[in-house]
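> Need the 3D shape of this:
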Amino acid sequence: MLLAEATPAPAVAEAATGTVTLLLETPAILSDPTCADTPVVQYARYFKEQLGATLVKHRATRRMAGEYYGFRFRAYGPDRYLPFELTEAGAVFVLEVTDAHELAAALAKGLEPVALRDGKLHGLKWQECPFKAANGYGEISLCPDVAGMAKALADEAAKATKTTS
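Here you go, the predicted model:
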């Protein structure tokens, strides 16, 4: 039996600037359990530092992932057990984007996990964290502008009605 020839993944279209809506397709580490800041502040910091974008609003749930992962991968040092804080798949982030290239890169590669050290976000290495984009975590996609599409369809229908009258 022959295996079908693999088709390459479609190229990521050039992302637009302005207001965009991102959908988190797979869980990702976007916040730090050691940080006292609220989730909204942590998400805003993440998107500002990683994508150069401003967080407008979001809807997300988080969970802790520990046990084996917390013992095997120590993001906060070899002598400290701390579970990872994952933002669940299905989270939606509305961002004001100024750099389309940063967004396009994130769409292609995924969102990398971070930890807060010395008041700054630092990327985690594979030795510290299993939730890397290379392992399938942090995948994002652009959500279509449903409200904008509905308005455009309504406008088209109104024009069609006027021309037939």
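> How about Ala65: what's its closest non-neighbour residue?
Excluding the flanking residues, the one nearest Ala65 by Cβ to Cβ, 6 or more residues apart in numbering is Phe84, at 4.7 Å. (Glycine included, C-beta is placed from N, CA and C.)
> ok, so what distance separates the one you found from Glu49?
19 Å (Cβ to Cβ, to the nearest Å).
> the more surrounded of those two?
Phe84 (24 against 12; other Cβ atoms under 10 Å).
> Surely that one and Met64 touch.
Yes. Between Phe84 and Met64 there is a contact under Cβ atoms under 8 Å: 7.0 Å.
> which neighbours do those two share?
Pro33 (Cβ atoms under 8 Å, 6 or more residues apart in numbering).
> Could you tell me how many residues sit around Thr34?
13.
> same deal with Ala133?
Number of residues near Ala133 (other Cβ under 10 Å) recorded here: 18.
> ok, it to Lys159 distance?
Counting by Cβ to Cβ, the gap from Ala133 to Lys159 is 44 Å.
> Going C-terminal from the worst-scoring helix or strand of the chain on mean pLDDT, what's the next secondary structure element?
Here the helix or strand of the chain ranked lowest by mean pLDDT, DSSP states H and E is helix 68-72, holding a mean of 60. Per DSSP states H and E, the first helix or strand lying C-terminal to helix 68-72 is strand 84-87.
> Which elements pack onto that following strand?
Applying 3 or more Cβ pairs under 8 Å, 6 or more residues apart in numbering; DSSP states H and E, we find strand 84-87 packed against strand 62-65.
> model confidence over the strand it packs on, on average?
Strand 62-65 carries an average pLDDT of 88.
> in that strand, what counts as buried?
For strand 62-65, burial by neighbour count (16 or more other Cβ atoms under 10 Å) applies to Arg62.
> Please apply the same query to stretch 46-65.
Quick answer for stretch 46-65 (16+ other Cβ under 10 Å): 46-47, 50-51, 53, 55, 58, 60, 62.
> just the strands in the protein please.
All strands of the chain, identified by DSSP state E, fall at 18-24, 54-59, 62-65, 84-87, 92-97, 114-117, 120-123, 140-142.
> Nearest to Thr34 among those strands would be which one?
strand 114-117 (6.2 Å; Cβ to Cβ).
> low-scoring stretches of this protein, by residue?
The model of the chain has pLDDT under 70 over residues 1-16, 68-78, 116-122, 145-152, 164-165.
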